[in-house]
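Engineer: sequence and predicted structure below; questions after.
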Amino acid sequence: MKWTGINEFLTDLHGIEVELSDRAQAHCFASAREMRNNAMQNMGDLGIRLITGRSRALYGVALTATGALAGYTAWPDDVEFYPEFLNNGTFRMAARPYHDLAFEMTETFFNDGMDRVFGQSMGASK
């Protein structure tokens with residue numbers, strides 16, 4: 001029995017992997033931006049105003065080798081991590097979970113997008 005089309009199959013399989021990786025990375029970054037936007041909105045809604053300007057300014061988005069991050073990726077070492085206290089609360093201050101809520105708000109956006117990414121990548125290989 002002679003096998004034919006193996007090289008084409010392997011080429012298509014590699015193409016799917018590359019396509020999926022590229023699209024997934026792009027969607028991870030879009031999801032991280034969505035989460036940052038949700039967190040900024042939540043800060044306003046929860047009464048976290050200009051007094052915590054550094055908390056707003058340093059909440060960012062970073063692209064990584066395998067995805068993206070949203071949050072405090074570059075907080076100065078010499079400064080106490082105040083945003084954690086805002087989000088989680090302390091014994092003197094009620095929690096204002098702007099970050100946790102942003103994560104929950106972005107979850108459906110991320111999951112739905114990854115479903116589309118997978119479908120598009122599989123469809124692009126045909």
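Structural biologist: That came through fine. Numbers count the residues shown, from 1 in each chain.
Engineer: sheet partners, orientation included, of the helix or strand encompassing Gly71?
Structural biologist: Gly71 is located in strand 68-72, with elements delineated by DSSP states H and E. Using DSSP bridges, the strands paired with strand 68-72 in its sheet are strand 59-63 (antiparallel).
Engineer: tell me which residues of the strand it pairs with come out buried.
Structural biologist: Of all the residues in strand 59-63, those buried under the rule 16 or more other C-beta atoms under 10 Å are 59, 61. Backbone N, C-alpha and C define where each C-beta goes, glycine included.
Engineer: what's the answer for stretch 95-111, then?
Structural biologist: So, applying 16+ other C-beta under 10 Å, buried residues of stretch 95-111: 96-99, 101-102, 105-106, 110.
Engineer: hey, C-alpha coordinates of that stretch in CSV?
Structural biologist: The C-alpha trace of stretch 95-111 is given here as CSV (Å, rounded to 0.1, in the frame of the first residue of the first chain):
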residue,chain,number,x,y,z
ALA,A,95,-12.7,46.1,49.4
ARG,A,96,-13.3,47.8,46.0
PRO,A,97,-12.6,44.8,43.7
TYR,A,98,-12.1,46.7,40.5
HIS,A,99,-9.5,44.2,39.2
ASP,A,100,-11.4,41.1,40.2
LEU,A,101,-14.6,42.5,38.6
ALA,A,102,-12.7,43.4,35.4
PHE,A,103,-11.5,39.8,35.2
GLU,A,104,-15.0,38.4,35.5
MET,A,105,-16.4,41.0,33.0
THR,A,106,-13.7,40.0,30.5
GLU,A,107,-14.1,36.2,30.8
THR,A,108,-17.0,35.8,28.3
PHE,A,109,-15.2,38.2,25.8
PHE,A,110,-12.1,36.0,26.1
ASN,A,111,-13.8,32.6,25.9
